[in-house]
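Enquirer: Provided below are the primary sequence and the corresponding predicted coordinates.
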Amino acid sequence: ALTLPIATTGEPILTRVAKPVTEFNQQLVQLTQQMLSTLLAAKGVGIAAPQVHSNMAVFIMASHPNERYPDAPKMDPIVVINPSIIEQSSQQVIGEEGCLSIPNTRINIARADQITVKYQTRYGQWQQQTLRGFVARIFLHEYDHLQGITLLEREQ
Ligand SMILES: O=C(O)C[C@@H](Cc1ccccc1)C(=O)SCC(=O)c1ccccc1
Ligand SMILES: [Zn+2]
């Protein structure tokens, strides 16, 4: 699977609301494979479909320890499709974030420390999970991308 060009600030795709996935077909599998290759090549911890010019409600989370979050969990990439947030803790944590679409930028963002989420796997199976800490932060960052929101809109 080859890597895809990453949209950067100013490209309209980053400001649009992504559309729900209805066809769990080979085309979707190929998109997720290309998103994963792009994510790994960019050494990120997440990537959303709009960032590779696709308007589908799909993102990948791939937490791994990094200089900013050295104790981040090392996890197998998770493909998240048609996500919704069921609950967010009122307790928030401020943390530094980057964005593959906003190069050379680090912004401190307040996010809920714990969230309950629902999403479909690449096979269309519904999952409901509670996420905490850095993984919850990644989910919320990618979920924002599906709403057409980036760090620049969240910056105080
Ligand atoms: O633009 C993206 O979605 C990728 C972004 C995801 C993300 C980073 C940090 C917090 C939440 C979500 C990145 O992976 S930026 C590169 C990176 O690995 C990183 C940058 C700053 C802090 C921690 C990690
Ligand atoms: Zn981003």
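Expert: In hand now; what should we look at? Ligands and ions are numbered 1, 2, ... in the order given.
Enquirer: quick one, what contacts residue 121?
Expert: Residue 121 makes contact with 79, 81, 127 under the criterion C-beta atoms under 8 Å, 6 or more residues apart in numbering. Just so you know, the C-beta spots here come from the backbone N, C-alpha and C atoms, and that holds for glycine as well.
Enquirer: can I get those residues in a markdown table with secondary structure, distance to residue 54 and pLDDT?
Expert: Listed next are the contacts of residue 121 as a markdown table, based on DSSP: H, G, I helix; E, B strand; the rest coil; distance: C-beta to C-beta, whole Å; pLDDT from 0 to 100:
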| residue | secondary structure | distance to residue 54 | pLDDT |
| --- | --- | --- | --- |
| 79 | strand | 13 | 98 |
| 81 | strand | 12 | 99 |
| 127 | strand | 21 | 98 |
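Enquirer: so which residues make contact with the longest helix along the chain?
Expert: In the chain, with assignment by DSSP state H, the single longest helix is helix 26-42. With C-beta under 8 Å, 6+ apart as the test, helix 26-42 has contacts from 1-4, 6, 21, 46-47, 49, 52, 54, 56, 58-60, 62, 77, 79, 81, 100, 122.
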